[in-house]
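Asks: can you look at this prediction? I've put the sequence above it.
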Amino acid sequence: MQNTRGPLKSGQRPGGRSLRVQEAVHAAVVALIDELGREGVTVPRVAARAGVTPSTIYRRWSDIATLVSDVARRNLRTDCPVKPCGRLSEDLPAWAEMYQDEMDSTPGRAMVRDVLRGWDGRQKACPLLDAVRPSIALICDASVEPVNFDVEAVIDAVVAPLLTRIIFTDAPLPSTLARDAAVAFVERHSLNAGRSGCSQRHGVRT
């Protein structure tokens, strides 16, 4: 997983002691998870490892679930793992396959659960969906062919079914689940675009 730097919480200073404390606490969480597993991560242990008081953690993150979720959210990949070639029929399925490989792994599933534990539904959007939007947008922008759909349509057709299966089942997913969904999505929209173009040439309303 690639570390990405997200916005600081409201009230935190962009730098100085606040940032150092945040970095120390996050590093402590990662180290303790590696050593003890998630069940062994507690506020007192994190505080002791980071060199801060437990009250500092409670003031900033309120509880251990929110803290672990914050760490997981900052580990979400937001860059595109593929270099678009400009053909949606290749780029979108390739990205979908890599996304499934990452999220359906043991670390990926654990990260999904951690992110959801700290998301109470009051935020504008779930970080799991925010993380994929830049990659999908990049692929669409790089297409040499007309794109007759938006990022949300890709999320609905490819990302949402994958995350639903990951969240609600422990069974291994079909290895080509996301790729097949992406292939079908591109074919469906290409067909619709072709029909629309043909109808317009013949003066038929669609």
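Replies: Received, thanks.

Asks: can you list the domain ranges for the protein.
Replies: Following automatic domain parsing, the chain resolves into domains at 16-74, 88-201.

Asks: tell me the mean pLDDT over the last one?
Replies: Same thing as domain 88-201. When pLDDT is averaged over domain 88-201, the result is 87.

Asks: sorry, back to before: mind checking which of the domains of the chain is nearest residue 80?
Replies: Between residue 80 and those, the tightest spacing by CB to CB is seen for domain 88-201, at 4.0 Å. To be clear about C-beta, it is placed using only N, CA and C from the backbone, and glycine gets the same treatment.

Asks: mean neighbour count and distance to residue 81 added to the domains of the chain, as a markdown table?
Replies: As requested, the domains of the chain are arranged in a markdown table below (neighbours: other CB atoms under 10 Å; distance: least, CB to CB, whole Å):
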| stretch | mean neighbour count | distance to residue 81 |
| --- | --- | --- |
| domain 16-74 | 16 | 18 |
| domain 88-201 | 16 | 5 |
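
Asks: make CSV out of the ones you listed and add distance to residue 80.
Replies: Conversion of the domains of the chain to CSV gives the following (distance: least, CB to CB, whole Å):
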stretch, distance to residue 80
domain 16-74, 18
domain 88-201, 4
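
Asks: from residue 78, how far off is residue 129?
Replies: Remark: distance between residue 129 and residue 78 (CB to CB, to the nearest Å) = 11 Å.

Asks: my bad, residue 22
Replies: With CB to CB as the criterion, residue 22 and residue 78 are 19 Å apart.

Asks: need the contact partners of stretch 41-56.
Replies: Counting by CB atoms under 8 Å, 6 or more residues apart in numbering, the neighbours of stretch 41-56 from elsewhere in the structure are 21, 24-25, 27-29, 31-33, 36, 57-58, 63-64, 67-68.

Asks: how about 7 Å then?
Replies: Stretch 41-56 is contacted by residues 21, 24, 25, 28, 29, 31, 32, 33, 57, 58, 64, 68 when judged by CB atoms under 7 Å, 6 or more residues apart in numbering.

Asks: quick check: mean pLDDT across that stretch?
Replies: Rounded mean pLDDT across stretch 41-56 is 94.

Asks: what about residue 79, how many neighbours?
Replies: 10 (other CB atoms under 10 Å).

Asks: look at it and give its secondary structure.
Replies: Here residue 79 takes the coil state, with states given by DSSP: H, G, I helix; E, B strand; the rest coil.

Asks: now it: phi and psi?
Replies: Backbone geometry at residue 79, expressed as degrees, to the nearest 10, gives phi -90, psi 160.

Asks: between the contacts of stretch 41-56, which is nearest residue 98?
Replies: residue 33 (24.0 Å).

Asks: ok so, going back, of all the domains of the chain, which one comes closest to residue 82?
Replies: Within those, the stretch nearest residue 82 is domain 88-201; the backing value is 4.9 Å (CB to CB).

Asks: so how far is that closest one off the chain centroid?
Replies: For domain 88-201, the distance between its averaged C-alpha position and the chain's averaged C-alpha position is 10 Å (CA atoms, centre = their mean, to the nearest Å).

Asks: ok, residue 116 to residue 49 distance?
Replies: 25 Å.
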